[in-house]
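**Q** below are the sequence and a predicted model; questions follow.
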Protein chains: 2
Amino acid sequence: MSPGEYRSDAVLLTPPPYSRGVSDLHHHDPRATVRAAGEFTVIDRATRGRAQPASVLLGPGDDAAIVRIDGGATVACLDMLVEHRHFRTDWSSGHDIGRKAIAQNAADLCAMGAVPVTFLVGLACPPDTPTSFTDALSDGLWAEAARFGAGISGGDLVQGRDITVSVTALGQMEGRDAITRSGARPGDVVALAGATGRSAAGLHLLEHGSAPASAAEEECIAVHRVPCPPYASALAAARAGASSMIDISDGLLSDLGHIARASSVTIDIDLGSWQPCSTVLAVAGAHQVDPWGWALDGGEDHAFAGTFGPRAPLPEGWSRIGTVSEGGPGVLVAGKPAAARGWTSWT
Amino acid sequence: MSPGEYRSDAVLLTPPPYSRGVSDLHHHDPRATVRAAGEFTVIDRATRGRAQPASVLLGPGDDAAIVRIDGGATVACLDMLVEHRHFRTDWSSGHDIGRKAIAQNAADLCAMGAVPVTFLVGLACPPDTPTSFTDALSDGLWAEAARFGAGISGGDLVQGRDITVSVTALGQMEGRDAITRSGARPGDVVALAGATGRSAAGLHLLEHGSAPASAAEEECIAVHRVPCPPYASALAAARAGASSMIDISDGLLSDLGHIARASSVTIDIDLGSWQPCSTVLAVAGAHQVDPWGWALDGGEDHAFAGTFGPRAPLPEGWSRIGTVSEGGPGVLVAGKPAAARGWTSWT
């Protein structure tokens, strides 16, 4: 047993007293809700100031946690997909949903520079769910996991009103250091692997119900159904010694904001060296939509953003999109706060 | 890197082609549903015959999986709790639900003889959920995890119609061999740690809406809200070399059925050496309910059942309830199939 790990007699610690019912813990303002507080505040209140054991090498606040288990470092993350909120079964097949559930978790591990080893999957669904759907979901889970030579090693199946897929990904660093959100340094280059905005464009097309009118529209809808994280580029960045990296799940500006905040730096996106991909430009042009909104604010593409030392060449699959400077923390677009241009500010 | 583990160039494997929509995977009988097929059949179809990598030392089908990660063996399980199905917020506080979510996962690890190291928690909830609830839930999660010196190292918070808590527990064997469901041998003693039936009795009392009329009734309601798995007894069984062990989540007969089936043996519960605990007998007597139904079929107590070689003394906290014999597989109560006495048959 390693120092800092816990002996099994820890389980002899006295349990808390029996519950006295449902009313004794409502000691906060009853008008405060999750919507009013916001996702990140609720998570912060659940984790800040708690005592993590020494076995937790990296706790909440990054793309994944790193925990010393049985002498090795296990990299772990958990993401949920909920029907109506994250997918619709009339827009996505069970196979699509299974692949998406694995992909978003695998992207979180790869954003740390970790390689997925196995996945656990919890599924809640109504009892009248067709087994054709659960079979297709299983096939999709396994198909995406197979891209890493991984599989589904455990999980749970329960009844629920809405289909809910909860995936835990477990991986390993293969001897490298983890790439966190907090390593960006002034002078670093900001780079992007993969395209942003296609998933948001695909959602727009599905919401407007029109059949895809071009290959670009088909591509955006396909990416909305199943993201295509450039896993190999993320791992190439880890091997190349990226100073920070993040999976873009909420939107480019929002997720660069996480790096800026964790690293206490300002990130400036340079519009001279980057613009939305041609697919997004084509779809936006055909539908008279601002392509920059999709590319800067659109979520669920699971591209990767990272920062690299100024002198090293960028690894394969990565393109320069901006620079890191002192001050802030904040995210600028061509030198101005994103909010001033009508895009979401991460603050 | 160990033999059998996968190189990161595995991520260069070609992804499946783009999705072609939602209709191409419904290749099974559309009348087949999850209810008709049953939980275990759906899980079996999701896992049987799939190629697990060599890093998966123990895959689906036991209380937890065991996976070789970064040179160590990580023991992992995932269980979900869904509002209305597994708890009601008018019956249980957020603190209760948090403790229950951790306890049922910790019990799964301990049933393997593994000690929890950390937990990941996914929460889906409506946006108008009071933060007093999410704060209390967090406190409950941390309170139960603290019994192992563990904490919550990661997770996810998403919107959903019903409150859904998905917990993944990660643990380690501390040098011992895992205790699976498949090691029971003819001649072994069947033993129980903890009591069964209290959670079912508590649910009965809550469903009938009467205020608890005795300490026994208060205890059953409290155990329904927060199970009290005898974690230390499970780990003592692992140290004593139990031949098989299981967390009793579905009911004693049902879960002994899992051991009987995995071990290809018959388990006979001996009513001469075991009866429902005094708490269950008292509540059943006051409400004219069959105590054996609660004790044999009631779920969610998270007691432990195990089998032990015939000559060794039982470890602390364990009591003999029956014997293992050849044949079957099956579960008998005093020599007769359980179904013949009106209790659930596991088959």
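**A** Here it is on my side, so go on.
**Q** residue boundaries of the strands in the stretch 201-347 of chain A?
**A** Counting by DSSP state E, counting those that start in this stretch, the segments of the stretch 201-347 of chain A that form strands are A:244-248, A:266-269, A:303-308, A:318-325, A:330-333, A:336-337.
**Q** adding mean neighbour count, mean pLDDT and distance to A:Ala295, write these out as a markdown table.
**A** C-beta here means a position set from N, CA and C on the backbone, and glycine is covered the same way. Formatted as a markdown table, those follow (neighbours: other Cβ atoms under 10 Å in any protein chain shown; pLDDT from 0 to 100; distance: least, Cβ to Cβ, whole Å):
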| stretch | mean neighbour count | mean pLDDT | distance to A:Ala295 |
| --- | --- | --- | --- |
| strand A:244-248 | 29 | 98 | 10 |
| strand A:266-269 | 22 | 96 | 10 |
| strand A:303-308 | 28 | 98 | 10 |
| strand A:318-325 | 20 | 97 | 10 |
| strand A:330-333 | 23 | 94 | 11 |
| strand A:336-337 | 12 | 90 | 17 |
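**Q** okay, the ones you listed in a markdown table with distance to B:Gly309 next?
**A** Converted to a markdown table, those look like this (distance: least, Cβ to Cβ, whole Å):
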| stretch | distance to B:Gly309 |
| --- | --- |
| strand A:244-248 | 50 |
| strand A:266-269 | 63 |
| strand A:303-308 | 54 |
| strand A:318-325 | 59 |
| strand A:330-333 | 64 |
| strand A:336-337 | 71 |
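**Q** looking at those strands, spot the one closest to B:Val115.
**A** Closest of those to B:Val115 is strand A:244-248, at 30.9 Å (criterion: Cβ to Cβ).
**Q** adjacent strands (with direction) for that closest one?
**A** In the sheet containing strand A:244-248, the strands it pairs with under DSSP bridges are strand A:303-308 (antiparallel).
**Q** chain center to the partner strand: distance?
**A** For strand A:303-308, the distance from its own C-alpha centre to the chain's C-alpha centre is 13 Å (Cα atoms, centre = their mean, to the nearest Å).
**Q** domain ranges for chain A, per the record?
**A** Chain A breaks down into these structural domains: A:63-176, A:189-341 (assignment by automatic domain parsing).
**Q** most tightly packed of these?
**A** domain A:63-176 (a mean of 24; mean count of other Cβ atoms under 10 Å in any protein chain shown).
**Q** rewinding a little: tabulate the domains of chain A (JSON lines), appending distance to B:Ala136.
**A** JSON lines is the format used below for the domains of chain A (distance: least, Cβ to Cβ, whole Å):
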{"stretch": "domain A:63-176", "distance to B:Ala136": "20"}
{"stretch": "domain A:189-341", "distance to B:Ala136": "27"}
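**Q** for B:Ala106, find the nearest of those domains.
**A** Each of these was checked against B:Ala106 via Cβ to Cβ, and the shortest separation belongs to domain A:63-176, namely 14.6 Å.
**Q** right, and the strands of the stretch 201-347 of chain A - which one's nearest A:Gly293?
**A** Distances from A:Gly293 to each of the strands of the stretch 201-347 of chain A were compared using Cβ to Cβ; the minimum, 11.7 Å, belongs to strand A:330-333.
**Q** between the domains of chain A, which one is nearest to B:Ala193?
**A** domain A:63-176 (23.1 Å).
**Q** show the end-to-end separation of that closest one, please.
**A** 16 Å (Cα to Cα, to the nearest Å).
**Q** cool, stretch A:165-181 as well?
**A** Stretch A:165-181 has an end-to-end distance of 26 Å (Cα to Cα).
**Q** repeat that for stretch A:319-333.
**A** Distances were taken as Cα to Cα; on that basis the terminal residues of stretch A:319-333 are 16 Å apart.
**Q** ok, A:Ala312 touching A:Ser243?
**A** No: counting by Cβ atoms under 8 Å, A:Ala312 does not reach A:Ser243; the two are 10.0 Å apart.
**Q** follow-up on the earlier one: out of the strands of the stretch 201-347 of chain A, which gets nearest to B:Arg45?
**A** Each of the strands of the stretch 201-347 of chain A was checked against B:Arg45 via Cβ to Cβ, and the shortest separation belongs to strand A:244-248, namely 30.8 Å.
**Q** need the contact partners of the closest one.
**A** A:63, A:104, A:107-108, A:110-113, A:179-184, A:188, A:194, A:196, A:229, A:234, A:237-238, A:255-256, A:258-259, A:262-263, A:299, A:301-307 (Cβ atoms under 8 Å, 6 or more residues apart in numbering or on different chains).
**Q** coming back round to it: among the strands of the stretch 201-347 of chain A, which comes closest to A:Leu57?
**A** Using Cβ to Cβ as the criterion, the shortest distance between A:Leu57 and these is 17.0 Å, found for strand A:244-248.
**Q** name the residue closest to the centre of chain A, please.
**A** In chain A, the C-alpha closest to the average C-alpha coordinate belongs to A:Ser249, at a distance of 4.3 Å (Cα atoms, centre = their mean).
**Q** distance of that residue relative to A:Ala103?
**A** 11 Å (Cβ to Cβ, to the nearest Å).
**Q** swap in A:Ala193?
**A** For A:Ala193, the distance to A:Ala103 (Cβ to Cβ) stands at 15 Å.
**Q** do A:Ala143 as well
**A** Counting by Cβ to Cβ - A:Ala143 and A:Ala103 are separated by 10 Å.
**Q** rewinding a little: of all the domains of chain A, which lies closest to B:Ile267?
**A** Comparing the domains of chain A by their distance to B:Ile267 (Cβ to Cβ), the top pick is domain A:63-176, with 24.3 Å.
**Q** and that closest one, how far out from the chain middle?
**A** 12 Å.
**Q** ok, now stretch A:236-254?
**A** Distance of stretch A:236-254 from its chain centroid, counting by Cα atoms, centre = their mean, is 10 Å.
**Q** how about stretch A:81-91 as CSV, C-alpha atoms only?
**A** Output in CSV follows, covering the C-alpha atoms of stretch A:81-91 (Å, rounded to 0.1, in the frame of the first residue of the first chain):
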residue,chain,number,x,y,z
LEU,A,81,-26.7,12.4,-22.0
VAL,A,82,-30.4,13.0,-21.4
GLU,A,83,-33.2,12.6,-23.9
HIS,A,84,-34.9,15.8,-25.0
ARG,A,85,-32.0,17.8,-23.6
HIS,A,86,-29.0,16.2,-25.4
PHE,A,87,-30.7,14.1,-28.1
ARG,A,88,-34.0,13.2,-29.6
THR,A,89,-34.8,9.7,-30.7
ASP,A,90,-36.5,11.0,-33.8
TRP,A,91,-33.3,12.8,-34.9
